[in-house]
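A.B. asks: this is the structure alone, sequence omitted:
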């Protein structure tokens, strides 16, 4: 029987990858990407700012660490659709250090995903520092058409209270640019705050990864090495947002210019929704 025990990550003390059993359940060799036939954008704004995770180890209850980062499918399928529609993907992290990926979730037999990963790899390894992007390029006449925060548990480590991530998302709201995010990526929305500390996304509705999995099945099958110290949907609701899903079905949701998906299952549909929304603009 395939083991449900998390696999040790020997690069760090008491750190773990998902169990072999959980990877059998969650990581198919190919995605549902079925091609893209998008009209090329005619907008002068032809860049999308992808804000990646720059930390790998998420502490869970019991003092263990989950070896995580951005989920490759949640990053690369939306990027595929955006590229096909004529947008350039520009990569930044809060620190300027390389993006961290959950490469154990990579769909190795999906040629389209492999191809875009190779094309963007240099940007993932040498991202811009987000504060530099804010200072130099996020004005009202910016070339950036949207902000994209991919999912993966890496977003839960330090994105929720990062002031530069908050500033980038506030810029998007102030300048009518779509914010695209999915799975655990909506943790970044918590960083966007008004001067009085209230969330700029209070009153918005979104999809997010279901708390029931992070507090139950994901622990039981060894995907996580312990229970999360905080839960995403619960925290979003505490800050005035409505989470529209309680399961993982591939759902996407649009509320004004906030575009969200519930999991890797939503990545393909979210990419299509992003292109459709940008075309309206």
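C.D. replies: Here it is on my side, so go on. Since the structure is predicted, the reported quantities are computational estimates derived from the model, not experimental observations.

A.B. asks: quick one: the strands in this protein?
C.D. replies: For the chain, strands defined by DSSP state E occupy the ranges 7-8, 15-17, 47-52, 57-59, 65-67, 88-93, 128-129, 144-149, 179-182, 205-206, 242-243, 252-255, 258-261.

A.B. asks: of these, which stretch is the most buried?
C.D. replies: strand 179-182 (a mean of 30; mean count of other CB atoms under 10 Å). Yep, even glycine has a C-beta here, placed from its N, CA and C like the rest.

A.B. asks: mind listing what the nearest residue to residue 143 once chain neighbours are set aside touches?
C.D. replies: Counting by CB to CB, 6 or more residues apart in numbering, residue 47 is the residue found nearest to residue 143 once chain neighbours are left out, at 4.9 Å. By CB atoms under 8 Å, 6 or more residues apart in numbering, the contact list for residue 47 reads 87-90, 143-145.

A.B. asks: out of the strands of the chain, nearest to residue 104?
C.D. replies: Taking CB to CB, strand 15-17 is the member of these nearest to residue 104, at 5.6 Å.

A.B. asks: wait, residue 193 sits on residue 201?
C.D. replies: No - in this structure, residue 193 is not within contact of residue 201 by CB atoms under 8 Å, at 9.5 Å.

A.B. asks: wait, what's in contact with residue 203?
C.D. replies: Residue 203 touches 240-241, counting by CB under 8 Å, 6+ apart.

A.B. asks: nope, residue 148 is what I was after
C.D. replies: Here residue 148 is in contact with 48-51, 78-79, 82, 89, 179-181, 274 (CB under 8 Å, 6+ apart).

A.B. asks: if you set the cut-off to 10 Å instead, what comes out?
C.D. replies: 48-52, 75, 78-79, 82, 87, 89-91, 178-182, 185, 259, 270-271, 274 (CB atoms under 10 Å, 6 or more residues apart in numbering).

A.B. asks: what about residue 38, neighbour count?
C.D. replies: Per other CB atoms under 10 Å, the neighbour tally for residue 38 reads 18.

A.B. asks: many thanks, we can stop here.
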